[in-house]
Structure formats: C-alpha cells, structure tokens
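In: Structure for this input, please:
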Amino acid sequence: MILRLVVADGSQTPAVAESVEVAEDGAISGWRGVSAGGVGWFAGQLPAGELAQIRALVDAAGPAPAAMPPPDAAEEVLELAATGPVSIAGIGDGPGDWALLAAVARRLLDRLTDFPRAAVAVEPAPKLARLVHRGADPLRLDLGTVAVRATAWQGYYEPAGDWSGVIEGPGEIEAGPGWSYDIPVGLDADGVTYLAVDFVILSGPTRVSVRAKHEPAISPPADDVADLGA
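Out: Next up is the predicted model:
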C-alpha cells in the first residue's frame with residue numbers, strides 16, 4: 001500500500017463513510033457512499049505517470065504535522081506505510097509537503113469514481129431522476145423507500161425551483177450492467193438541475209444508506225470571468 005484515506009462524518013444523513021486506497025502497483029480501490037460520481041464499490045488502475053506523482057509526494061513527506069481540525073470537520077485519516085494513520089482534517093490547502101499530499105489524497109476520492117466496479121449513479125432526464133448501474137459487477141439494493149430532492153438553478157446559481165419527495169420503490173433488487181430505474185420528479189424548471197437520491201445498498205446482512213448526487217458545475221457569466229482576469 002502507498003496510501004489509504006478514510007473520511008467519516010456521522011453528523012450527516014446519510015452518514016459520510018468514504019475510503020480510497022492506492023497499492024504499490026497502482027491499483028486504486030475503495031468505497032463511496034455520498035458522491036456525485038456514483039456510490040458503491042470502485043476499483044481500477046492508475047496510469048504510470050499519475051502513480052509516479054503520488055509516490056513522489058509520499059516519499060517527500062516528512063514527519064506528520066500536528067494540526068487542529070476546524071470545528072465540526074469530518075474525520076479524515078491518511079495512512080502511509082512510513083507514518084501509520086495520521087489525522088489530516090486540520091491540514092488545509094497551502095505550501096508544504098503534507099498540504100500537497102493531503103490535497104492529492106482528497107482528490108483521489110473523486111478520481112476513484114472513474115473506476116466503477118459495482119456502483120450506482122443518478123442521471124437527469126426530463127422530469128425524472130434515473131438511477132443507473134455502473135461497472136462490471138452487480139450489487140444488491142433496497143429501493144423500498146427512495147428519497148429524492150431536485151433543485152433547479154438559472155444563470156449562476158440563481159434558484160429556479162426546488163422539490164423533494166419520498167417514493168415507494170420495488171424493494172430489494174439486484175442491479176447489474178444495463179440496469180436503470182426511473183424516479184418521477186415533480187419539478188418543471190429551466191436551467192441546470194441538481195439531484196440527490198437516497199437509498200440503501202446491501203452487502204450481505206449489512207444495510208448501508210447512501211446518497212447518489214448529480215451536481216454539474218455551473219460556469220460564471222463571461223463578464224465575471226473577465227473581471228477576475230483583470
């Protein structure tokens with residue numbers, strides 16, 4: 001193992017419990033439970049160049065710093081072979097080897113979703129939130145109760161509508177390649193729509209509440225971009 005990052009926050013619902021690990025050979029694997037890139041299990045292989053950059057940051061890291069996390073921050077634990085588990089919740093962006101390493105480790109959680117193994121994502125469709133399977137392996141879901149929220153934005157994050165509802169679904173099912181499930185959304189608004197869908201992933205007897213999100217970036221108006229560059 002080169003590094004392992006675990007992020008946990010039980011103050012939210014569903015609880016945040018994310019993990020990513022990079023092995024010596026560049027294999028990347030982990031779990032996402034609250035994510036805009038899909039939820040479930042992920043596994044793949046990082047390109048050699050990306051792996052070399054991560055290895056260089058790990059090799060350059062000195063003794064782990066002691067940094068006080070902000071109030072109500074999520075727990076973030078980064079584990080390296082040389083240091084063991086280190087709390088990085090108090091390490092923000094900035095200069096220094098550990099600040100760079102912490103930033104890269106956090107980005108790896110998003111990078112992980114490029115390698116779905118057994119996962120579910122949500123996609124928008126007209127008046128629908130569509131759950132879709134991603135990856136080669138199936139997984140079991142409980143869709144007996146599905147909570148949905150849709151928020152519409154016009155322009156640059158100008159609210160254009162909001163809707164939430166609870167849908168009674170088909171119960172426990174197996175989702176595999178090609179599977180999808182459409183959920184009606186009571187929001188009819190122009191602009192960009194954000195979606196959040198809460199359901200349960202089953203792993204043996206364990207039930208894990210998850211949230212699949214769709215949150216595309218919204219570009220600022222051209223005038224604002226020009227002002228920033230001035």
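In: C-alpha from now on. contacts and neighbour counts both.
Out: Will do.
In: quick one, what contacts the residue lying closest to residue 120 once chain neighbours are set aside?
Out: When the adjacent residues along the chain are set aside, residue 120 lies closest to residue 133, with 4.6 Å between them (CA to CA, 6 or more residues apart in numbering). By CA atoms under 8 Å, 6 or more residues apart in numbering, the contact list for residue 133 reads 118-121, 175-180.
In: Look up which helix or strand residue 133 falls in, please.
Out: strand 128-134 (DSSP states H and E).
In: Neighbouring strands of that strand in the sheet, and parallel or not?
Out: Strand 128-134 has its sheet partners listed here by DSSP bridges as strand 116-125 (antiparallel), strand 180-184 (antiparallel).
In: so who does the spatially most central residue of the chain touch?
Out: Centroid-nearest residue in the chain: residue 35, 2.8 Å away (criterion: CA atoms, centre = their mean). The neighbours of residue 35, taking CA under 8 Å, 6+ apart as the test, are 211-213.
In: Apply 6 Å and report the result again.
Out: Residues near residue 35 by CA atoms under 6 Å, 6 or more residues apart in numbering: 212-213.
In: how much space is there between it and residue 21?
Out: 17 Å (CA to CA, to the nearest Å).
In: Could you do residue 109 as well?
Out: According to CA to CA, residue 109 stands 9 Å off from residue 21.
In: mind giving me the domain split of the chain?
Out: 3-112, 120-214 (automatic domain parsing).
In: start to end distance for the longest one?
Out: The stretch domain 3-112 measures 13 Å between its terminal residues, going by CA to CA.
In: ok, and the spatially closest residue to residue 218 that is not a sequence neighbour, which helix or strand is that part of?
Out: Nearest residue to residue 218, sequence neighbours excluded (CA to CA, 6+ apart): residue 156, at 6.4 Å. Taking DSSP H and E as the definition, one finds residue 156 inside no helix or strand.
In: circling back to that earlier point, quickly compare the strands paired with strand 128-134 and say which is most buried.
Out: Between the strands paired with strand 128-134, strand 116-125 has the highest mean count of neighbours, a mean of 23, where neighbours are mean count of other CA atoms under 10 Å.
In: So for that strand, mean pLDDT?
Out: Strand 116-125 carries an average pLDDT of 96.
In: Could you do stretch 6-14 as well?
Out: 93.
In: Same list as before, the strands paired with strand 128-134 that is, but in a markdown table and with distance to residue 90 included.
Out: Output for these, formatted as a markdown table (distance: least, CA to CA, whole Å):
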| stretch | distance to residue 90 |
| --- | --- |
| strand 116-125 | 30 |
| strand 180-184 | 39 |
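In: So for residue 191, which of the ones you listed sits nearest?
Out: Set against residue 191 and scored by CA to CA, the strands paired with strand 128-134 come closest in strand 116-125, at 12.1 Å.
In: Name the surrounding residues that touch that closest one.
Out: Under CA under 6 Å, 6+ apart, the answer for strand 116-125 is 38-43, 129-139, 212.
In: a helix runs through residue 170, doesn't it?
Out: No: counting by DSSP: H, G, I helix; E, B strand; the rest coil, residue 170 is not part of a helix but coil.
In: picking that back up, select only the buried ones of the contacts of strand 116-125 in PyMOL?
Out: Those of these that count as buried under 16 or more other CA atoms under 10 Å are selected in PyMOL with:
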select buried, resi 38+39+40+41+42+43+129+130+131+132+133+134+135+138+139+212
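In: thinking again about what came up before, now the domains of the chain in CSV, with distance to residue 221?
Out: Converted to CSV, these look like this (distance: least, CA to CA, whole Å):
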stretch, distance to residue 221
domain 3-112, 24
domain 120-214, 7
